[in-house]
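Chemist: Next input, structure requested:
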Amino acid sequence: MTAMSSSAVQRPAPSHSTAFAVVAGLAFALAISKALPMTMDTVSGALAPLCANAADGSPLDKVEPIGSYALPNVPGKRVTIVRVSYGPGGFSRPHRHAGSVTATITKGEIRSQLGGGPVETFGVGQSFFEPPGSTHLVSANASATEPAELIAVFVADEGAQLTTFLE
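Modeler: Next up, the predicted model:
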């Protein structure tokens, strides 16, 4: 058995838009974490309403907390960052979020519809914005065969329930 050097392994290069989105997200998270760090136990507690029953479309659907930080220059507000992964055909039930949400697609394509607006499809590197109180009627993987993923950044009141599912 011969050892293979790590330089012999070939990996596809990430696209520029994906690399930019990842670097920008990490820089943003690092900058805010310097302002006021928070433990992941606290983040998980704040995200519990977001993660509970987040999607019914695929067993591969999940919401993972990345971080949550008080905004020192905006008393009473918090920024929370999560990764939403949808398996093939995955989706979230209609819902509403507290505060504002900006989402950036990091893998695959996501279909989204707010209120009475059109259903739109967003690809890697694209983003969409949800104003406070918007009804998110469609949030789904546009593919029945490939996974999709987005990073969502919430800005909401401290202690707010980030996601409320509609009946």
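Chemist: helix or strand for Thr164, which one?
Modeler: Here Thr164 is covered by strand 163-165, with elements defined by DSSP states H and E.
Chemist: List the buried residues in that strand.
Modeler: Across strand 163-165, burial judged by 16 or more other C-beta atoms under 10 Å covers Thr163. The way it works is simple: take the backbone N, C-alpha and C, and place the C-beta from them, glycine included.
Chemist: Next: stretch 129-149.
Modeler: Buried-residue list, stretch 129-149, by 16+ other C-beta under 10 Å: Glu130, Ser134, His136, Leu137, Ser139, Ala140, Asn141, Ala142, Ser143, Pro147, Ala148, Glu149.
Chemist: for stretch 102-109, same thing?
Modeler: Within stretch 102-109, judged by 16+ other C-beta under 10 Å, the buried ones are Ala103, Thr104, Ile105, Thr106, Lys107, Gly108, Glu109.
Chemist: How much space separates the third one from Gln161?
Modeler: The span separating Ile105 from Gln161 equals 25 Å under the rule C-beta to C-beta, to the nearest Å.
Chemist: Equivalent analysis for the last one, please.
Modeler: Using C-beta to C-beta, we find Glu109 at a distance of 29 Å from Gln161.
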